[in-house]
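S.K.: below: sequence and its predicted model.
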Amino acid sequence: MSTLEIFAVIISIIGVGLTILRHMWCWFFNFLAYILYGYLFYTYQLYGEVILQFIFLAMNFYGLYFWLKTKQQEHEIRIETPINSHLLYQIILTAILGLFFGISLKYFTNAAVPMLDAQLAAFSLLATYWTSRKYIATWPLWVVVDIIYVGMFLYKDLYLTSALYAMFVIMAFYGWKKWKVTKQNQSSNILA
């Protein structure tokens, strides 16, 4: 456990907490967390996670833009309901792309757990995309992904990060519940 890991954990908790609350500052804290974890994962040879952090940085700007745009139009950050067939298609595509990414990591790097690392990276990207689009489905996906991350980080002796991801599981359940209530209130306001 290093000072870097401790700081990254604290910043990550703040970022996810603000995301649950649909607060615009979540994007700043998440941006900082991606930088910190990008470096930390590099030192642990989790290259899929390093690449993921860089992609998260780009998606962070997309999410910030999308949330700002929506907020300017509707004066609040509304939760959206996607079409289930689109979600299924995105899940299948993500699994296939994760497989190709894992094969690349396995044969072209000395990645510690290439296939698992790649699939988790791919599904984390999908969950981040869903977050930026304000899909409530982001939260159950994060629950599953974060549970698997707990095991991978335990395997790599990143105990504090593993504890963080265990906390993320709880936070994702809470976010799911909170966004459901918000979505119901939004639907009620539209019908009223």
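M.R.: Arrived safely. Numbering: from 1, shown residues only.
S.K.: which residues sit in contact with residue 130?
M.R.: 82, 137, 138, 141 (CB atoms under 8 Å, 6 or more residues apart in numbering). No exception for glycine: its C-beta is placed from N, CA and C like everyone else's.
S.K.: among those, name the ones in helices.
M.R.: 138, 141 (DSSP state H).
S.K.: buried residues of the least confident helix or strand in the chain by mean pLDDT, list them for me.
M.R.: Ranked by mean pLDDT, DSSP states H and E, the weakest helix or strand in the chain is helix 47-74, scoring a mean of 83. Of the residues in helix 47-74, 47-53, 56, 59-60, 63-64, 66-67, 70 count as buried by neighbour count, 16 or more other CB atoms under 10 Å.
S.K.: thinking again about what came up before, what's the closest of the contacts of residue 130 to residue 105?
M.R.: When the contacts of residue 130 are ranked by distance to residue 105 (CB to CB), residue 141 comes first, at 21.7 Å.
S.K.: how far away is the closest one from residue 188?
M.R.: Per CB to CB, to the nearest Å, residue 141 is found 26 Å from residue 188.
S.K.: now swap in residue 182 and tell me
M.R.: 11 Å.
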